[in-house]
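In: quick one, what's the 3D model for this:
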Amino acid sequence: MITLRRANERGSADHGWLKTQYSFSFSGYYDPSHMGFRSLRVMNEDYIAAGKGFGTHPHENMEIVTYVLEGALQHRDSMGNGEVLRPGEFQRITAGTGITHSEFNPSADEQAHLYQIWLFPERDGLEPGYEQKAFDPQGRKNRFQLVASRNGRDESLLIHQDVAIYLAELDGDATVQYSFAPDRHGWLQVLRGDISANGESLHQGDAIAISDVAALELQAAGQAGSAEVMLFDLA
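Out: Sure, this is the predicted structure:
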């Protein structure tokens, strides 16, 4: 079964300095039919104005994943990390027993466009942790590139949950395929561009939830370099 989540059906908020689209209920947006999918709890597409950001705030018992599409994001946390996340870099924070952090767009004139994703951890009370890594863009050209996994395999980041996260960039009319093991589920988020997924037309910001499907076939529907997706393989 494939269930569509269209970009224009998501929740939204406009705070002036922050514009957000919510795939699942979050903050002031509540929809009991969209509370998450499997271990995925938050899928927010954020646009942060130049020189603005989130002040220091707490988290606990959540795996937080951030991927920047455009611009940059300055991160500081109570674990002593102070990094700038740039396009193509992937960040994982294990909030565990509790952290505080801030996120800020350091540019004076360029907005930051990013996805922030929360997953429930495999258990509460984990030791807080942080990882950030840049992945070779050639590794996701017309194929799936593993960026995070439960066991950190193939030099991916470690996620404390039974999930594997992939990125893929599709050129022209290139086709890529992904096979799901029995009893696995998927969430496909279109980060930019237009694609076809098992014959379903998807556009930037669209997503599909996938269950009881053996394989997924994606095809770009635009010019070279026009599509990028993030795929979650979930228990």
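In: who are the neighbours in contact with the nearest residue to residue 109 once chain neighbours are set aside?
Out: Nearest non-adjacent residue to residue 109, counting by Cβ to Cβ, 6 or more residues apart in numbering: residue 50, 5.2 Å away. The way it works is simple: take the backbone N, C-alpha and C, and place the C-beta from them, glycine included. By Cβ atoms under 8 Å, 6 or more residues apart in numbering, residue 50 lies in contact with 105, 107-111.
In: list just the nearest of these to residue 31.
Out: Checking these against residue 31 with Cβ to Cβ, the nearest one is residue 111 at 26.7 Å.
In: I'd guessed the closest one sits against residue 46; true?
Out: No - contact between residue 111 and residue 46 fails when scored by Cβ atoms under 8 Å: they sit 9.8 Å apart.
In: looking at these two, which is more packed in?
Out: Neighbours per residue (other Cβ atoms under 10 Å) separate residue 111 from residue 46, with residue 46 holding more: 23 against 19.
In: in which helix or strand does that one reside?
Out: Counting by DSSP states H and E, the element that carries residue 46 is strand 40-48.
In: what helices and strands are in contact with the helix or strand following that strand?
Out: Per DSSP H and E, the first helix or strand lying C-terminal to strand 40-48 is strand 53-59. Packing partners of strand 53-59 (3 or more Cβ pairs under 8 Å, 6 or more residues apart in numbering; DSSP states H and E): strand 73-77, strand 99-104.
In: which one, of those, ends up nearest to residue 205?
Out: Closest among the helices and strands packed on strand 53-59, using Cβ to Cβ: strand 73-77, at 19.2 Å.
In: got the buried residues for the closest one?
Out: 73-75, 77 (16 or more other Cβ atoms under 10 Å).
In: please identify which of those residues is nearest to residue 218.
Out: Relative to residue 218, and with distances defined as Cβ to Cβ, the nearest of these is residue 73, at 27.3 Å.
In: which strand residues bridge that closest one?
Out: residue 85 (DSSP bridges).
In: for it, list the residues it contacts.
Out: Per Cβ under 8 Å, 6+ apart, neighbours of residue 73: 48, 53, 66, 84-85, 103-106, 112, 114.
In: residue 229 too?
Out: Counted by Cβ under 8 Å, 6+ apart, residue 229 has contacts 167-168, 170, 188-191, 195, 218.
In: thinking again about what came up before, what's the spacing between the residue nearest to residue 109 and residue 17?
Out: 9 Å (Cβ to Cβ, to the nearest Å).
In: same deal with residue 54?
Out: For residue 54, the distance to residue 17 - Cβ to Cβ - is 10 Å.
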